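Asker: Sequence first, predicted coordinates after that:
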Amino acid sequence: MTKPGAKTILVVDDDPEIVTMLSLRLGKRGYRVVSATDGNAAVTTAQRERPDLVVLDVMMPGKTGWEVARNLRHDPATEQIKIVMLTAIGEQVNEMTSPLYGADAHIDKPFEFDTLERTIQRLLD
């Protein structure tokens, strides 16, 4: 149940199962969750909703997650949004590239919900 004044999280992934799982889990934790399934929709949704944090896949149709992150960082209206890259591109690639595009954290798929939730909590505190 979303509480009044709850933090908003934008979940972006082209896999609808991941979007559904994350939306349900984060919603149960009291976050307001919005979602997008491609990079272009992610940018539009972030500009409209102004989430506190984005959980962002890399390999998606339209813009890649890296392009989305770069767009968010270069727009004064969205530059302060926290970004967690959640991807299966490989740990070393994720570790090297995520900071270059402005991500605040990165987690590799497959992932543990507890690890993602701790990362989200740390970034939002």
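Answerer: Right, received. Where do you want to start? Numbering: from 1, shown residues only.
Asker: those strands in this protein, which residues are they?
Answerer: Taking DSSP state E, the strands of the chain run over residues 8-12, 32-36, 53-56, 82-87, 105-108.
Asker: Out of those strands, which gets nearest to residue 62?
Answerer: strand 32-36 (9.4 Å; C-beta to C-beta). To be clear about C-beta, it is placed using only N, CA and C from the backbone, and glycine gets the same treatment.
Asker: Using CSV, write out every CA atom in that closest one.
Answerer: C-alpha atoms of strand 32-36 as CSV (Å, rounded to 0.1, in the frame of the first residue of the first chain):
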residue,chain,number,x,y,z
ARG,A,32,4.9,4.6,-5.4
VAL,A,33,6.0,2.7,-8.5
VAL,A,34,5.7,3.7,-12.1
SER,A,35,7.1,1.8,-15.0
ALA,A,36,8.4,1.9,-18.6
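Asker: and that strand, how far from the chain's centre?
Answerer: 9 Å (C-alpha atoms, centre = their mean, to the nearest Å).
Asker: and it, average pLDDT?
Answerer: Taken as a whole, strand 32-36 carries a mean pLDDT of 98.
Asker: Can you tell me what sits against that strand?
Answerer: Residues outside strand 32-36 that contact it (C-beta atoms under 8 Å, 6 or more residues apart in numbering) are 2, 6-12, 19, 22-23, 26-27, 42, 44-45, 49, 51.
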